[in-house]
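> Okay, predicted coordinates and the sequence, questions at the end:
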Amino acid sequence: MKIDKFKLRRMMLQLKEPFQTSFGTQQDREFFIVEAYSGDDVGYGECVVNSRPLYSEETVKTAWHIAEDFLIPAIFEKGEIHHPDEVSELFAPYRRNNMAKSSVEGAIWDLYAKKNKVTLAEALGGDKKEIDVGISIGIQESTEKLIQTVGKYVDEGYKRIKIKIKPGTDVEVLRAVRETYPEIAMMADGNSAYTLDDIETLKQLDNLNLTMIEQPLAHDDIIDHASLQKEIKTPVCLDESIHSLDDVKKAVSLGSCEIINIKIGRVGGLTEAKKIHDYCEGHGIPVWCGGMLESGIGRAHNIALTTLSNFKLPGDTAASSRYWSEDIISPEVTVEDGVIHVPDKPGIGYEPVEELLDRYTLEVKEFRP
Ligand code: OSB
Ligand code: MG
């Protein structure tokens, strides 16, 4: 297939409630959408980047720049694309900028699936008809509020509750939740806020029967995480430290983690995500799909990826209504009894609504060969 046109849309949605992590609080959700046009078909990708470089080094501006000035021209220069796996090869000479790469590659994956009249899940090789989902809860103003919030999502059926922690808002808070809900699958995400100096605190988490602890130590570390994993029985899960299959191989060989969180944007796209999935499957490392507070478009990509067999643990892909009073796709993503039914329409399987896209678009730019 040949791409006739790309359209980038910078968008702004408002989260229903602020989302607080150890690195900051977010209410505005600025991001951009990539539309890839070919004949009568359009493929959609989402750049899951943030306005500020707090989670990773990329921002909306840097990712747009990389997409506009390097990635889109590389696609036009190549001309014919036979399979989306060619895209990550084409982008490989450009270092990092994974969220930018993933957004363009994602639009091409959707387009490819639509042209071949298969679902994105099928194009990736996934065959689950429904996927188990959990939810990620931000740091709350009080323990009572947290317990109440956990209760709401447990009642809604979410299969695993993730709670954000930071130094000072961790052991006591999690213990209170555990006492209230002795049975739930519960985990904590430190978003790199701890160091090995906090080892005593991290060891106390070991008594709370957590499914895992996600990225407690530095965003670029796999050495200290290996030391930590030797000291605790709770599985360590890496998020921020993993940008590629090579990173995974090193982390697994060092024993830095027992579980991997795969985010399509963080690893540079679906092709790399699938490689990581396959490698982990062969090495007995379960994976799950992380989230970046996506709009419906990014959410649809996450759902398709999660249909692969080694996504053995519930991910962070919650319902549209958990984030937005109005999502930009039809139908919205819904969760029933902790599962999402995988759509059976070609491509991402949810239709972006033109009128809603326009309503939340701040800036549009089109590119032709
Ligand atoms: O660390 O997984 C994370 C959101 C933004 C940045 C980083 C993270 C998160 C989440 C939310 O945990 C996941 C979601 O609900 O999309
Ligand atoms: Mg995380």
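Received it, and whenever you're ready, just let me know what you need. Ligands and ions are numbered 1, 2, ... in the order given.
> Please make it C-alpha for all contacts and neighbour counts, starting now.
Will do.
> Give me the helices and strands touching the helix or strand Lys16 falls within, please.
Per DSSP states H and E, Lys16 falls inside strand 5-21. Strand 5-21 makes packing contacts with strand 24-38, strand 361-367 when contacts are defined by 3 or more C-alpha pairs under 8 Å, 6 or more residues apart in numbering; DSSP states H and E.
> Compare the ones you listed and report which one is nearest to Asp337.
strand 24-38 (27.4 Å; C-alpha to C-alpha).
> That closest one - contacts with which helices or strands?
In terms of contacts (3+ C-alpha pairs under 8 Å, 6+ apart), strand 24-38 is packed against strand 5-21, strand 41-47, helix 60-66, helix 98-115.
> which residues are in contact with that strand?
For strand 24-38, contacts defined as C-alpha atoms under 8 Å, 6 or more residues apart in numbering pick out 1-20, 42-51, 54, 60, 64, 103-104, 107-108, 111, 293.
> swap in stretch 267-282?
In contact with stretch 267-282 (C-alpha under 8 Å, 6+ apart) are residues 84-85, 88, 96-103, 105-106, 109, 124, 242-245, 248, 262-264, 286-287, 305, 308, 310-311.
> And it, what's buried?
The neighbour-count check on stretch 267-282 (16 or more other C-alpha atoms under 10 Å) flags 267-274, 276-281 as buried.
> For the residue nearest the centre of the chain, which non-adjacent residue is closest in space?
When C-alpha atoms, centre = their mean is applied to the chain, the residue found nearest the centroid is Gly291 (3.1 Å). Distances taken as C-alpha to C-alpha, 6 or more residues apart in numbering place Asp316 nearest to Gly291, at 5.3 Å, with adjacent residues excluded.
> Show me how far the strand holding Lys16 is from its chain's centre.
Centroid separation for strand 5-21 versus its chain: 14 Å, with C-alpha atoms, centre = their mean, to the nearest Å.
> same question, stretch 220-229
Centroid displacement of stretch 220-229 relative to its chain, using C-alpha atoms, centre = their mean, is 22 Å.
> next one: stretch 337-346
Computed by C-alpha atoms, centre = their mean, the chain-centroid distance of stretch 337-346 equals 17 Å.
> Start and end of it, how far apart?
Using C-alpha to C-alpha, to the nearest Å, one end of stretch 337-346 lies 25 Å from the other.
> Flag every buried residue along it.
By neighbour count on 16+ other C-alpha under 10 Å, the buried set for stretch 337-346 is 338-340, 342-343, 346.
> cool, stretch 85-101 as well?
The neighbour-count check on stretch 85-101 (16+ other C-alpha under 10 Å) flags 85, 87-88, 91, 96-101 as buried.
> could you redo those as TSV and give each row distance to ligand 1 and pLDDT?
Below are these laid out as TSV (distance: C-alpha to the nearest ligand atom, whole Å; pLDDT from 0 to 100):
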residue	distance to ligand 1	pLDDT
Asp85	25	98
Val87	25	98
Ser88	23	96
Phe91	24	98
Arg96	18	97
Asn97	16	98
Asn98	15	98
Met99	13	98
Ala100	16	98
Lys101	18	99
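> quick one, helices of the stretch 151-300 of the chain?
171-180, 199-204, 223-231, 245-254, 270-282, 296-306 (DSSP state H, counting those that start in this stretch).
> on contacts alone, who are the packing partners of the third one?
In terms of contacts (3+ C-alpha pairs under 8 Å, 6+ apart), helix 223-231 is packed against helix 245-254.
> what does the second one give?
On a contact count with 3+ C-alpha pairs under 8 Å, 6+ apart, helix 199-204 meets no helix or strand.
> ok, back up a step: turn the helices of the stretch 151-300 of the chain into CSV, columns for distance to ligand 1.
Below are these laid out as CSV (distance: least, C-alpha to the nearest ligand atom, whole Å):
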stretch, distance to ligand 1
helix 171-180, 16
helix 199-204, 17
helix 223-231, 16
helix 245-254, 17
helix 270-282, 16
helix 296-306, 8
